[in-house]
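K.L.:
Predicted coordinates and the sequence they were generated for:
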Amino acid sequence: MGTALIYDEEMTKYKLLWVDPACKIEVPERLSVSYEALVRTGLSDRCVAVPPREASDAEILLVHSEEYLEGVKKTPHMTLEDLKEFTLQYGDVYFHPNIYHCAKLAAGSALQLVDSVMTGTVRNGMALVRPPGHHSMRSAASGFCVFNNVAIAARYAKQKHGAKRVLIVDWDIHHGQGVQYCFEDDPSVLYFSWHRYEHQKFWPNLRESDYDSVGKGSGAGFNINVPWNKVGMENSDYLSAFCHVLLPVAYEFCPDLVLVCAGFDSAIGDPEGEMCATPDIFAHLTHLLMNLAGGKLCAVLEGGYNLTSLAQSVCQTVQTLLGDPLPRLANLGSPCESALESLQCVRSVLRRYWPILKHAADPPTTDVGSRRIKLAKAEGEKAETAEEERSREEKVWPEPAERLRPPVCSASALPDDAACPDGLKRLTSSKDLGPLLGRRIKTEVAGDADGVATFLRLYTLIEKMRTNEIGNGVALVPDVAAAVKCVVQDLGSDLVNRVLVVCVGKEELNYATADGKMLVVQISGEDKEEQKGKYYIPMCLKKGCGDTVGFIQAVLGLLLPLGYEYDPGLVLLSRMPGSGVGDCMWQQLIGLLKGFAKGHTLVLMQTNDEACMGPTASVLLGHPAPPLQELLTPLPDDGDALERMRERLQADWKMLQTAVSSGN
Ligand SMILES: CC(O)(O)CCCCCNCCCN
Ligand SMILES: [Zn+2]
């Protein structure tokens, strides 16, 4: 199934007709440069072009009031003076004779996207629209927004397609207060937003944009605000918010559909956000959401005002929706203290609603609330003077790296008598081996003939991943532990400079991993507290790997952050016999691990584990992992163990932090 792309140049045909410093950044070129970048990179040709349509009155009235709609309907016939007059009643927004038409197209585009995804015509998609939507309220325009495109889409998905639970992820750098107001008492729509806040000093300067607005009534717990109280947030801050706040809750919520308020003013270079996250971060943010809701994801453009980072970020997002390998995130920092303070605050207010966060730390002792500026009146931020704007240094960042699809997406190395699942390219040792291998066989490692054959197959797979001839692969071997040992001790380290080894199930993995060339993470039911060390991390689940909640907690809260910080060149995932891990959880694990090492994942399974070959191959080939069933309440001790583990490890691994360092 493909990726839908919705765009129409009609939505570029309105602009600011008078002087207003607050609105001058919202220009038609935002849309045209984004689309042109998709055309130039060949990405638009790989998408399914879906035409926009005008949202009907009834659809607009799913969110907005009749009087508001009636008012907006009059704007096409207004004189310039009337338009100015009409605009004055709202904040930071402008009207134009053609904006009502474009606002209907923007909302209608979101609905077309929902139809395409919910009917299975496409797997996912992106709508390039303007005017944006997430600030507009039931009876008010705000922040360049006229109709709330994504809020209308969420209500529409429920009403027309019977969606039970809709997740809205708003990565725009402004708080989508319009979305929050729309669903704050609705437990069927989970709204997550991060936004520049600076203790209420940043637009829209709302008290209710802070972390303690968690929703009301039956909606309590279903509204998540992550305020950024400083500018300059980086990739590590964004990933920490996903791993330690959004994803655990999203997996527990188990949505039928994911809508993204895809604003790119959260990228480096944007005059509004003033953040430092690079455009390739959106490849990962998109990827991390694509294993939810069976991959049903609709991204709708919101903000983004630096035309260079906007275009690059849009391309990164669409390329991930298309299933291309993800870029490695170079030198990820550690989350900054201010971000950790925000994460700690929001986790501490959410833990009472979401068992998966039950063990989150108490709020920081420093009273964050006291720093919210005392607002006599919301003066908003002062208009920036021209020289102040020029003086703000021009940000530069590297062009995002190419993300080349390897000629072979997925390969298999199987014993001759094993069946090869459709779509996998079968490697046979004989014809595929390079001459250099002859010199490399260390018979004492490979042992008997069977061992040698296994060794040859694995080496071939890894070699072809290294040269990007192959994306990922799966090998069935007679003895998984021996195979892991052989790869790790003889192949991985000198072929690839960092190998992330993920072992599911119990097995003695006593490797010398002190040199950092390899990071071994083992998830099992065995308690191995004694074997500590920075590069060998045993995660013990009391109820074993069959405990999906404990498992997903360990994956999201430990394995993902570790993986991002380690940034491996290869991921080796082994499924020990008798691990007990469920198929869905196994598929989710593969889906998530594909985000590392440009997708070079090598799965090792025991020959008799053939039954798991199908589900494994499906995810390796790019199909979304099926959703985990609604998660049961995690065992209290597993959560505790996880927190204790995180405490112990975060000295070495900064991405595991979820709170300000205790010293503060
Ligand atoms: C879709 C969106 O969230 O990007 C809209 C942002 C509106 C910003 C209003 N204030 C602008 C002040 C200019 N310095
Ligand atoms: Zn924005």
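P.N.:
Perfect, I can see it now. Ligands and ions are numbered 1, 2, ... in the order given.

K.L.:
what's downstream of whichever strand or helix holds Pro538, the next helix or strand?
P.N.:
Using DSSP states H and E, Pro538 falls within strand 536-540. Counting by DSSP H and E, the element after strand 536-540 in chain order, helix or strand, is helix 548-554.

K.L.:
What is that following helix packed up against?
P.N.:
If you count contacts as 3 or more Cβ pairs under 8 Å, 6 or more residues apart in numbering; DSSP states H and E, helix 548-554 packs onto helix 247-253, helix 583-593, helix 636-649. To be clear about C-beta, it is placed using only N, CA and C from the backbone, and glycine gets the same treatment.

K.L.:
can we see that at 10 Å?
P.N.:
helix 247-253, strand 518-524, strand 536-540, helix 583-593, helix 636-649 (3 or more Cβ pairs under 10 Å, 6 or more residues apart in numbering; DSSP states H and E).

K.L.:
okay, the residue of the stretch 201-350 of the chain found nearest ligand 2: pLDDT?
P.N.:
Residue nearest to ligand 2 within the stretch 201-350 of the chain (Cβ to the ion): Gly303, separated by 2.9 Å. For Gly303, the pLDDT comes out at 98.

K.L.:
tell me the contacts of Pro364?
P.N.:
Going by Cβ atoms under 10 Å, 6 or more residues apart in numbering, Pro364 touches 337, 340-342, 344-345, 348, 659-660, 662, 664.

K.L.:
at 8 Å instead, please
P.N.:
Pro364 makes contact with 341, 344-345, 659-660, 664 under the criterion Cβ atoms under 8 Å, 6 or more residues apart in numbering.

K.L.:
try Ser348
P.N.:
Applying Cβ under 8 Å, 6+ apart to Ser348 gives the contacts 360-363.

K.L.:
quick one: which of those residues is nearest to ligand 1?
P.N.:
Comparing these against ligand 1 with Cβ to the nearest ligand atom picks out Pro363 as the nearest, at 27.8 Å.

K.L.:
ok, how many other residues are close to the closest one?
P.N.:
Pro363: 19 surrounding residues under other Cβ atoms under 10 Å.

K.L.:
Going forward, the N-terminal residue is numbered 28.
P.N.:
Will do, 28 is the new start, and the previous item becomes Pro390.

K.L.:
What sits closest to it if chain neighbours are left out?
P.N.:
Counting by Cβ to Cβ, 6 or more residues apart in numbering, Ser375 is the residue found nearest to Pro390 once chain neighbours are left out, at 4.2 Å.

K.L.:
Tell me which stretches of the stretch 78-227 of the chain form strands.
P.N.:
Ranges of strands in the stretch 78-227 of the chain, per DSSP state E, counting those that start in this stretch, are 149-154, 193-197, 216-223.

K.L.:
would you list these in a markdown table and tack on distance to Arg525, mean pLDDT and mean neighbour count?
P.N.:
As requested, those are arranged in a markdown table below (distance: least, Cβ to Cβ, whole Å; pLDDT from 0 to 100; neighbours: other Cβ atoms under 10 Å):
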| stretch | distance to Arg525 | mean pLDDT | mean neighbour count |
| --- | --- | --- | --- |
| strand 149-154 | 31 | 98 | 26 |
| strand 193-197 | 30 | 99 | 27 |
| strand 216-223 | 30 | 98 | 27 |
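
K.L.:
hmm, back to that, check which helix or strand the residue of the stretch 228-377 of the chain closest to ligand 2 maps to.
P.N.:
Going by DSSP H and E, Gly330 is not in any helix or strand.

K.L.:
ok, back up a step: just send the contacts of Ser375 back as JSON lines, with secondary structure, pLDDT and distance to Gly290 too.
P.N.:
Listed next are the contacts of Ser375 as JSON lines, based on DSSP: H, G, I helix; E, B strand; the rest coil; pLDDT from 0 to 100; distance: Cβ to Cβ, whole Å:
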{"residue": "Ala387", "secondary structure": "coil", "pLDDT": "91", "distance to Gly290": "27"}
{"residue": "Ala388", "secondary structure": "coil", "pLDDT": "90", "distance to Gly290": "30"}
{"residue": "Asp389", "secondary structure": "coil", "pLDDT": "93", "distance to Gly290": "32"}
{"residue": "Pro390", "secondary structure": "coil", "pLDDT": "94", "distance to Gly290": "28"}
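
K.L.:
which of those residues sit farthest apart?
P.N.:
Ala387 and Pro390 (9.5 Å; Cβ to Cβ).

K.L.:
Quick check: residues of the stretch 378-527 of the chain near ligand 1?
P.N.:
Contacts of the stretch 378-527 of the chain with ligand 1, taken as Cβ under 6 Å from any ligand atom, are absent.

K.L.:
Show me where the stretch 378-527 of the chain dips below the pLDDT cut-off.
P.N.:
401-411, 416-418, 456-476, 517-521 (pLDDT under 70).

K.L.:
Tell me which stretches of it form helices.
P.N.:
413-418, 456-459, 462-467, 470-473, 476-493, 507-513, 520-522 (DSSP state H, counting those that start in this stretch).

K.L.:
Please pick the buried ones from the contacts of Pro391.
P.N.:
With neighbours counted using 16 or more other Cβ atoms under 10 Å, the contacts of Pro391 contain these buried positions: 368, 371-372, 686-687.

K.L.:
Turn the residues you listed into a markdown table, columns for distance to ligand 1, secondary structure and pLDDT.
P.N.:
Formatted as a markdown table, the buried ones among the contacts of Pro391 follow (distance: Cβ to the nearest ligand atom, whole Å; DSSP: H, G, I helix; E, B strand; the rest coil; pLDDT from 0 to 100):
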| residue | distance to ligand 1 | secondary structure | pLDDT |
| --- | --- | --- | --- |
| Glu368 | 24 | helix | 97 |
| Gln371 | 26 | helix | 97 |
| Cys372 | 22 | helix | 98 |
| Ala686 | 29 | coil | 94 |
| Val687 | 28 | coil | 94 |
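
K.L.:
Touching stretch 76-89 from outside, list them.
P.N.:
Taking Cβ under 8 Å, 6+ apart as the rule, stretch 76-89 contacts 31-35, 37-38, 96, 128, 131-136, 138-140, 143, 149, 152, 154, 156, 174, 179, 182-183, 186.

K.L.:
If we use 6 Å, what do you get?
P.N.:
31-33, 35, 96, 131-132, 134-136, 139, 143, 174, 179, 182 (Cβ atoms under 6 Å, 6 or more residues apart in numbering).

K.L.:
Thr313: helix or strand, and which one exactly?
P.N.:
Going by DSSP H and E, Thr313 is in helix 308-316.

K.L.:
Contact residues of this structure facing ligand 1?
P.N.:
49, 119, 159, 162, 170-171, 199, 201, 230, 290, 292, 329-330.

K.L.:
Turn these into a markdown table, including neighbour count.
P.N.:
As requested, the residues of the chain next to ligand 1 are exported to a markdown table (neighbours: other Cβ atoms under 10 Å):
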| residue | neighbour count |
| --- | --- |
| Ala49 | 18 |
| Asp119 | 19 |
| Pro159 | 31 |
| His162 | 29 |
| Gly170 | 27 |
| Phe171 | 25 |
| Asp199 | 28 |
| His201 | 30 |
| Trp230 | 22 |
| Gly290 | 28 |
| Asp292 | 27 |
| Glu329 | 30 |
| Gly330 | 28 |
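
K.L.:
Tabulate the buried ones among the contacts of Pro391 (TSV), appending distance to Gly609.
P.N.:
What follows is the buried ones among the contacts of Pro391, written out as TSV (distance: Cβ to Cβ, whole Å):
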residue	distance to Gly609
Glu368	36
Gln371	32
Cys372	34
Ala686	31
Val687	36
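
K.L.:
Looking at these, which one is closest to Pro103?
P.N.:
Cys372 (45.2 Å).

K.L.:
What distance do you get for the nearest residue to the closest one once chain neighbours are set aside to His188?
P.N.:
With sequence-adjacent residues excluded and distances taken as Cβ to Cβ, 6+ apart, Cys372 is closest to Tyr238, at 4.5 Å. Tyr238 is 32 Å from His188, where distance means Cβ to Cβ, to the nearest Å.
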